[in-house]
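In: Predicted model follows, preceded by the sequence.
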Amino acid sequence: MPYEGRSRSNSRLPAQHAPAGVPPNEALHGRDRRRRAPISVVLALAAIGRSVPDRLSHRAFQGTREERHRSATRRDPLRSPRVVFVDTSAWYSLSDRGDANHRRALAFLRETPRHRLRRLVSSDYVLSETYTLLRMRLGLRAVEVFISLLAERRDLSIEWIEADRHSAALRLLLGRRDKRWSHVDCTSFVLMHQLGVRDAFAFDQNFVQAGFRMHP
């Protein structure tokens, strides 16, 4: 969700399992390429009036088998415990010297090797949200400086939120009526789950609510 900035202070994902009735080897390797209806346990639970667990279920992120197979081919280069996802709140804190979390954000970014977090990943949706926030609060010059920062990060990968990820995030948003998560938040959660990333560089408690580890 959009970072509130100056006044804001401040688990490991469940292992992936095959859907009921699907052999694990087929779910993991995508041998069955037939398209099926998207799976959304949170929506199914809501439909029958049952409460949704506080922590995200891995099934809430699942789309069709074909979608999972495509995402598996994309995630291999980043599927590592040394990868950390960078949220809008972290990018903003790094960019605004007057932000309450600016020094903490800088310190964490400099010390990522000590935390065994060697690579950064973010999304086009997060960058878009950051551009807008910087433009509205600090002006276009801040956007230009931020773009230069991104260009200098050789350890940064940007993932695109394509149609399947967008749709999965929308299902998650509508299914978790008990949470004040934005659609951008949900795209980040879906992406992190698909890539096997458990750590977030953020100042947003929504990542903790979703079951991820938040740094610093």
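Out: Perfect, I can see it now.
In: and the residue nearest to residue 116 when sequence neighbours are not counted, how many neighbours does it have?
Out: The shortest distance from residue 116 to any non-neighbouring residue, by CB to CB, 6 or more residues apart in numbering, is to residue 82 (5.6 Å). Where C-beta positions appear, they are placed from N, C-alpha and C, glycine not excepted. For residue 82, the count of nearby residues is 15 (other CB atoms under 10 Å).
In: helices and strands of this structure: which one bottoms out on pLDDT?
Out: helix 41-47 (a mean of 33; mean pLDDT, DSSP states H and E).
In: one step back: the residue nearest to residue 116 contacts residue 155, doesn't it?
Out: No - the criterion here is CB atoms under 8 Å, and residue 82 misses it with residue 155 at 10.0 Å.
In: Between these two, which contacts overlap?
Out: With contacts taken as CB atoms under 8 Å, 6 or more residues apart in numbering, residue 82 and residue 155 have 118, 119 as neighbours in common.
In: give me the low-pLDDT residue ranges for this structure?
Out: 1-81, 113-115, 117 (pLDDT under 70).
In: which residue ranges form the helices in it?
Out: Assigned by DSSP state H, the chain shows helices spanning 24-29, 41-47, 65-75, 88-95, 102-110, 124-137, 140-152, 163-175, 183-195, 206-209.
In: Throw those into JSON lines and include distance to residue 116 and mean neighbour count, thanks.
Out: Listed next are the helices of the chain as JSON lines, based on distance: least, CB to CB, whole Å; neighbours: other CB atoms under 10 Å:
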{"stretch": "helix 24-29", "distance to residue 116": "26", "mean neighbour count": "13"}
{"stretch": "helix 41-47", "distance to residue 116": "32", "mean neighbour count": "16"}
{"stretch": "helix 65-75", "distance to residue 116": "19", "mean neighbour count": "17"}
{"stretch": "helix 88-95", "distance to residue 116": "18", "mean neighbour count": "26"}
{"stretch": "helix 102-110", "distance to residue 116": "13", "mean neighbour count": "15"}
{"stretch": "helix 124-137", "distance to residue 116": "23", "mean neighbour count": "18"}
{"stretch": "helix 140-152", "distance to residue 116": "22", "mean neighbour count": "13"}
{"stretch": "helix 163-175", "distance to residue 116": "27", "mean neighbour count": "19"}
{"stretch": "helix 183-195", "distance to residue 116": "17", "mean neighbour count": "25"}
{"stretch": "helix 206-209", "distance to residue 116": "19", "mean neighbour count": "20"}
